[in-house]
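**Student:** How does the following fold in three dimensions:
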Amino acid sequence: MRSPRARRSRPRARRSIARRSASRARAQGSPEPPRSRPRRRARSRGPTSRALPAAVAAVALVALVTLAKSRSAARDAKPRAGASEGGAKEDGAKEGGAKEDGASEGGAAVARLLLGAYALALLAKLGLHPQVQHYGFALAAPALALAAAVAATAPRSREARALALALVAAFAVAALRDANEVLATKTFALGEGRDRILVAGPAHSPRGAMMARAMEELARVMPEDATLLAMPEGAGLNYWLRRRNPTPYSLFLPPELRAHGGAAAMLARIEASPPDFVALVHRGHAEFGTGPFLRDPDYGAAFLPWLERDYRVVATIGAEPFRGPRFGIVVLERARADDGAAR
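**Tutor:** Prediction:
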């Protein structure tokens, strides 16, 4: 059984990366980043976005009703068409053709009804959390496709076609407006040449500017043949800097940790070929239902003793990662044998 003193020493060890990164920032003369309000996301969950799944659901329902009515009208029209024709042979030939047409139309109608039921089932899931961002666009896609099909292939009901076209047009206009609002925030160029992309500017998010600063710092301190690992995400740094990741892992989010057998199992493989540098890139944890990275057993806590033992802080950009909502990056360098002796 460990003594109370031993148990108390563990939290202090976990805070050492924060203390060393803060002292490093003070030694470099860089001021602590000012506290700012949490940035407001682009309008993707406003009233319009929440109303869009309901609009698509209405389109899918109209599509199902229209298909059912057209199916019933087709069945009623066939006997009248057969009775109006003269001649036994002509009636027989037309009856045979009508059977073939009816079979093909029946199969198509069944397929459309199944697609409609599938679309409504997916929209029912959206009803619990209506949105068209993230995976919402995929859940709404079958209903939108069904609405477009009804608009193109329902000549018997002009009202239904007009309603479907109006709803699809409203959906397209709202989606274009939301996309324009998001694209308007992308004013910061990250990377150079063909690697250059536009990300949200500092007025909307500090992430792009801090990633650029981290790239500059890593390019300054890393030798040409040095390796780099970003945790829990940030493999784009390897691409932009053209630095090899010596481990088989590029993501350390809770789903990936579970898929690879847990942090302890992953650490055993990482230690077999450890990176020269590690970039701790801030990532939120609320969506996973866990605590912050490196502090929750379900979110990489097993990596912290290894980082504390084998690495030293080189630079801190922005806020301390995993300590709050603000974004930041800590660059770690693998400690040499003489560094360990000195400590």
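**Student:** Now stretch 232-247: average pLDDT?
**Tutor:** Stretch 232-247 carries an average pLDDT of 96.
**Student:** go on, stretch 185-196?
**Tutor:** 94.
**Student:** And it, end to end?
**Tutor:** With C-alpha to C-alpha, to the nearest Å as the measure, stretch 185-196 spans 16 Å from end to end.
**Student:** before we move on, what SS does the nearest residue to residue 201 once chain neighbours are set aside have?
**Tutor:** Nearest residue to residue 201, sequence neighbours excluded (C-beta to C-beta, 6 or more residues apart in numbering): residue 187, at 3.8 Å. Glycine gets a C-beta too; all of them are placed from N, C-alpha and C. Here residue 187 is recorded as strand under DSSP: H, G, I helix; E, B strand; the rest coil.
**Student:** can you list the weak-confidence ranges in the stretch 1-150 of the chain?
**Tutor:** Low-confidence segments of the stretch 1-150 of the chain (pLDDT under 70): 1-106, 128-134, 150.
**Student:** Would you map the strands across the chain?
**Tutor:** Remark: strands assigned in the chain by DSSP state E are 186-190, 197-200, 228-231, 277-281, 311-318, 328-334.
**Student:** who touches the last one?
**Tutor:** This means strand 328-334. Strand 328-334 is touched from outside by 17, 21, 33, 210-211, 213-214, 217-218, 221, 234, 274-282, 307, 310-321, with contacts defined as C-beta atoms under 8 Å, 6 or more residues apart in numbering.
**Student:** Provide a ChimeraX selection command restricted to the buried entries of these.
**Tutor:** Those of these that count as buried under 16 or more other C-beta atoms under 10 Å are selected in ChimeraX with:
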select :17,21,33,210,211,214,217,218,234,274,275,276,277,278,279,280,281,282,307,311,312,313,314,315,316,317,318,319,320,321
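**Student:** OK, contacts around residue 283?
**Tutor:** Shown in contact with residue 283 (C-beta under 8 Å, 6+ apart): 232, 233, 253, 293, 321, 322.
**Student:** In a markdown table, list the residues you listed along with distance to residue 226.
**Tutor:** A markdown table is the format used below for those (distance: C-beta to C-beta, whole Å):
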| residue | distance to residue 226 |
| --- | --- |
| 232 | 21 |
| 233 | 20 |
| 253 | 25 |
| 293 | 23 |
| 321 | 21 |
| 322 | 24 |
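**Student:** just the residues you listed now: which is nearest residue 287?
**Tutor:** Nearest to residue 287 out of the contacts of residue 283 is residue 253 (C-beta to C-beta; 9.4 Å).
**Student:** Show me what counts as buried in stretch 286-302.
**Tutor:** Neighbour-count burial for stretch 286-302, counted by 16+ other C-beta under 10 Å, picks out 288, 290, 292, 293, 294, 295, 296, 299, 300, 301, 302.
**Student:** I'd assumed residue 320 was in contact with the third one.
**Tutor:** No - shown here, residue 292 and residue 320 do not form a contact pair, counting by C-beta atoms under 8 Å, at 10.6 Å.
**Student:** the helices in the stretch 151-300 of the chain, which residues?
**Tutor:** 158-184, 207-221, 236-241, 254-259, 263-272 (DSSP state H, counting those that start in this stretch).
**Student:** Generate TSV for those, with distance to residue 126 as supplementary columns.
**Tutor:** Below are the helices of the stretch 151-300 of the chain laid out as TSV (distance: least, C-beta to C-beta, whole Å):
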stretch	distance to residue 126
helix 158-184	13
helix 207-221	28
helix 236-241	31
helix 254-259	22
helix 263-272	34
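**Student:** For residue 193, which of those helices is the nearest?
**Tutor:** Proximity to residue 193 (C-beta to C-beta) singles out helix 236-241 among the helices of the stretch 151-300 of the chain, at 10.5 Å.
**Student:** Now residue 244: closest residue in space that isn't a chain neighbour?
**Tutor:** The shortest distance from residue 244 to any residue other than its chain neighbours is 5.1 Å, reached at residue 227 (C-beta to C-beta, 6+ apart).
**Student:** Give me the neighbour count for that neighbour.
**Tutor:** Neighbour count for residue 227, taken as other C-beta atoms under 10 Å: 19.
**Student:** on that earlier part again, residues contacting the residue nearest to residue 201?
**Tutor:** 198, 200, 201, 203.
**Student:** roughly how far apart are it and residue 216?
**Tutor:** Plainly put, residue 187 is 19 Å away from residue 216 if you go by C-beta to C-beta, to the nearest Å.
**Student:** cool, and residue 254?
**Tutor:** Remark: distance between residue 254 and residue 216 (C-beta to C-beta) = 31 Å.
**Student:** the more surrounded of those two?
**Tutor:** Shown here are residue 254 and residue 216; by other C-beta under 10 Å, residue 254 has more neighbours (19 against 12).
**Student:** For the more buried one, which non-adjacent residue is spatially closest?
**Tutor:** Per C-beta to C-beta, 6+ apart, closest to residue 254 is residue 288, 4.5 Å.
**Student:** give the contact list for the one you found.
**Tutor:** Counting by C-beta under 8 Å, 6+ apart, residue 288 touches 253, 254, 255, 299.
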